[in-house]
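**Q** Take this sequence and fold it.
(chains A and B)
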Amino acid sequence: MKRKNFLIALTVCALTLPLAAKRLQVVTTYPYIANLVEHIGGERVKVHALAGGQWDPHTIMAKPSFIAKLRRADLLVINGAQLEIGWLPPLLNQANNPKVNVGSPGMLDLSRFVKLIDVPDSVSRAQGDIHPDGNPHYYLDPYNMLPLAEAIAAKLCALDRQGSGIYRRNLADFNGRLNVKLDEWRERMDPLRGSLVIEYHKNYDYLLRSYGLQLLGTVELLPGIPPTSKHIRDLEGKIAQAKVRLILQDIYNPDEAARHLSAKHGIPMIKLPHDVGAVREAEGIFSLFDEIVRRLRDE
Amino acid sequence: MKLKIIPVILLLAALAMTPRLSGQEGGGNPFAQAKFVPDISLILDTSFVIRDLDDEWFNMLWLPGFSRAGAAGRAAELDESNLEKGFNLNYAELSLASVVDPYFDLFAVFHLSQEGFDIEEAYFSTRRLPAGLQLRGGKFLSQFGRINGQHAHYWDFASAPLVQSAFFGGGGLGELGARLSWVAPLDVFLQLALEVLQGDNGMSFGRKGFELPDVSVADVQAPGLLVATAKSSFDAGNLTVLAGLSAAAGSSRHAPGLDDGDGTTAFAGSAAVFGADLTLKYLFDSTRYLSLQAEVMSRSSRGDRYDFDAVDGWLLRRQRGRQGGMYAQAVTRLNKRLRLGARLDLIWQNDVRLAGARQDLPGNLARYAAMGEWNPTEFSRLRLQYTYDRSRHAQVYGLWQREPVHELALQVNITIGAHGAHAF
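**A** Numbers count the residues shown, from 1 in each chain, chains lettered A, B, ... in the order given. I've put the predicted structure just below:
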């Protein structure tokens, strides 16, 4: 009898072993999400980010290789707020993977877990590439990492119950580490409170809000529409009447106009990473914000 | 397929208005369905064309061994756009797309022109088939090759590639049918698909039989066309490589009156078209890229050909054809707004044998095009394209005579509404 039980136990083990060994396949649209998932999922998940951190997140090229990645995903985590609208839908359509379709449990839209700002009352494309749901660059605010990490942990727990304990523990570790860093970043950013800045695209609005910086205007004319000389003259008119401390430039848009403003008005132009992998130093969520804060302070 | 256009437009306008009205009624209406309105978009394509040939004469020219149109409107068989000198309203394309329920998606494109209304595509596709499978049914553009599955407004040039027009016509291979596609569970992208199609494409295929005084050729049973495709892609750093192999095989029928203009030729047989395509796209940064794209296509056909002779009446001979060509193009995006491109079209094989005797058809049909585009946003595009066409011929006293055509087209393409992103 004992021997029989042992055999059954052995068989059950043998059958479940490959299942246990198979890690949850997670695909994310952007590298910052992949890094968050790695923090929470640890060894139990295998994460792949479709877009590279050095690219413009609005205009990622819909490479067919992404379809292969989506085809085998158990979970797809996206930024949402229409940031992926220009490239992800046709890929999902071709991936033939019902697990990660919109509305399936294997599709997680992170924008639902934060409060979006600049939600327009009315939308018209005369306003440029406007996002009807609000500014989608919420991930460039370190305070938003808390709800995002929680949302990811809850999703991983739902999809992989056996790992719940680990995910909860990893989330607690992440939150602990993040809270320490949030205090550090807040202290470092404090001297900039109240400063007036210009940015190329409305990439850093959430960051500015969290640390009390004011936005004077954008270098680009409208979202996604390059500056005209008239717009730059108008911006210079505003600069003349105010004390602008910094010009924030992302790494993927042309920087000629920002350079011109910087040289002419003696305002430092700072190139800021917008995602994990955008610059060499930004290897993960923590080093991304470390680097943003460092660059803002070291001007 | 041509319908009275006005009721259709009224219907669509009513459809488009519905959300606004119910939206205004707003929170009060417990039956409001505004949020379920599908994605609706309209694409306008209009152009100004300068050409060094009169429209009438241009319409008399054709590709020897390929065109099947009657004496008038031959150009329209090869292209749907930029047919007349001066202003053209090429199309206003209305598209509707939405998730249907957990099981299906629906997508439709209505091609509206001044001549009428055409359902370019209207198909459903499945959302939940297991094992990487997807089934599509209705009317759709075949995924044969690289360019056939793309709508005209997504093309890099104002015209379809010559070899594509020659084998499938200006509208491409778009048919009623069903498609089963499968994506392999591999790290490398590999997609296999099989399409079962009605087989009515006028240029290479066809099902309708015909009656001659002594002969009766029956209709081909539908479906009459099979298409199989294999596509694969991988990335090497910033370079993306996409390659595909395609085959289409089906019955072929040409009723008299369709070929050679004067109603003296008919054909009943079969045809097979093979294609290989390769795309290399290199990204320099978020906005700049260089894309090289080429497709080779070859067609073999065989069957019974009937020619009318004033003395002997209808004469039956065996016809065998081997025809092939390619296009190669380079397109570069220099900044967010500016794109430049050049394309070479060449049909180099034009071998048609009647009862074993090779016909004297020109075998070197070439066309050269260069374009420059200015895209204020992704919703509006201005394109200037110069084309030097050495493929079109006139038949003078039974001999083929090349008629070089110079053409300059300024094309404006505008999209409004909710239009889905494009695949690679």
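
**Q** Domain boundaries for chain A, per the record?
**A** Domains of chain A are assigned by automatic domain parsing as A:2-182, A:190-297.

**Q** Which stretches in chain A count as strands?
**A** In chain A, strands defined by DSSP state E lie at A:24-28, A:45-49, A:75-78, A:107-109, A:196-199, A:214-218, A:244-249, A:269-271, listed in chain order.

**Q** Would you mind measuring the gap between the ends of stretch B:54-74?
**A** End-to-end span of stretch B:54-74 (CA to CA, to the nearest Å): 14 Å.

**Q** got it, and stretch A:119-134?
**A** End-to-end distance of stretch A:119-134 (CA to CA): 4 Å.

**Q** average pLDDT across that stretch?
**A** Averaging pLDDT along stretch A:119-134 yields 83.

**Q** Likewise for stretch B:207-216?
**A** 85.

**Q** quick one: that stretch to chain centroid distance?
**A** Mean C-alpha position of stretch B:207-216 versus that of the full chain (CA atoms, centre = their mean, to the nearest Å) differs by 29 Å.

**Q** For that stretch, buried residues please.
**A** For stretch B:207-216, a neighbour-count test (16 or more other CB atoms under 10 Å in any protein chain shown) marks B:R207, B:F210 as buried. Quick note: C-beta positions are derived from backbone N, CA and C, even for glycine.

**Q** Tell me where the chain is predicted with low confidence.
**A** All of this is about chain A. In the predicted model of chain A, residues A:1-21, A:299 satisfy pLDDT under 70.

**Q** Chain B was what I was after
**A** Chain B contains residues with pLDDT under 70 at B:1-27, B:67-73, B:257-263.

**Q** At the geometric centre of it, which residue do we find?
**A** Nearest to the geometric centre of chain B sits B:G172, at 2.1 Å (CA atoms, centre = their mean).

**Q** Now it: closest residue in space, sequence neighbours ignored.
**A** Closest residue to B:G172 apart from its sequence neighbours, by CB to CB, 6 or more residues apart in numbering or on different chains: B:N148 at 4.9 Å.

**Q** again with B:F58
**A** Closest to B:F58 by CB to CB, 6+ apart is B:A75, at 5.9 Å.

**Q** Same check on B:F107?
**A** Using CB to CB, 6+ apart, the closest residue to B:F107 is B:A97 (4.6 Å).

**Q** Touching, B:L197 and B:L176? I think so.
**A** Yes. Using CB atoms under 8 Å as the test, B:L197 is close enough to B:L176 to be in contact (6.9 Å).

**Q** These two: which is more packed in?
**A** With neighbours defined as other CB atoms under 10 Å in any protein chain shown, B:L197 and B:L176 compare such that B:L197 has more, 26 against 18.

**Q** who's that one bridged to?
**A** Applying DSSP bridges to B:L197 yields these beta-bridge partners: B:G177, B:L225.

**Q** quick revisit: identify whichever of the domains of chain A lies nearest to B:R353.
**A** Set against B:R353 and scored by CB to CB, those come closest in domain A:2-182, at 40.2 Å.

**Q** need the residues of the stretch 51-200 of chain B near chain A, please.
**A** B:99, B:102, B:105, B:125, B:127-130, B:132-134, B:181-191 (CB under 8 Å from any CB of the partner chain).

**Q** can you do 6 Å?
**A** Contact residues (CB under 6 Å from any CB of the partner chain) of the stretch 51-200 of chain B with chain A: B:R127, B:R128, B:G132, B:Q134, B:V183, B:P185, B:F189.

**Q** Serialize these to a markdown table and add fields for secondary structure.
**A** Listed next are these as a markdown table, based on DSSP: H, G, I helix; E, B strand; the rest coil:
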| residue | secondary structure |
| --- | --- |
| B:R127 | coil |
| B:R128 | coil |
| B:G132 | coil |
| B:Q134 | strand |
| B:V183 | strand |
| B:P185 | coil |
| B:F189 | strand |
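
**Q** Show me the helices in chain A, by range?
**A** A:2-21, A:31-41, A:64-71, A:88-95, A:145-159, A:164-189, A:205-210, A:229-240, A:256-265, A:285-297 (DSSP state H).

**Q** What residues sit buried inside stretch A:166-177?
**A** For stretch A:166-177, by 16+ other CB under 10 Å, it's A:I166, A:Y167, A:N170, A:L171, A:F174, A:N175.

**Q** Tell me the one of those nearest B:A255?
**A** Distances from B:A255 to the buried residues of stretch A:166-177, taken as CB to CB, are shortest for A:Y167 (68.3 Å).

**Q** ok, the closest one to A:K155 distance?
**A** 9 Å (CB to CB, to the nearest Å).

**Q** And for the closest residue to A:K63 other than its chain neighbours, the neighbour number?
**A** Taking CB to CB, 6+ apart, and ignoring the residues beside it in sequence, A:K63 has B:T240 as its nearest neighbour in space, at 5.1 Å. Look at B:T240: counted by other CB under 10 Å, it has 23 neighbours.

**Q** do B:D79 as well
**A** Neighbour tally, B:D79, other CB under 10 Å: 18.

**Q** Correct me if wrong: it contacts B:G170.
**A** Yes. Judged on CB atoms under 6 Å, B:D79 makes contact with B:G170 at a distance of 4.4 Å.

**Q** can you tell me which residues contact whichever residue of the stretch 151-299 of chain A sits closest to chain B?
**A** Nearest to chain B, among the residues of the stretch 151-299 of chain A, is A:Y252, at 4.2 Å (CB to the nearest CB). By CB atoms under 6 Å, 6 or more residues apart in numbering or on different chains, the contact set of A:Y252 is A:D56, B:S286.

**Q** Appreciated, that's everything.
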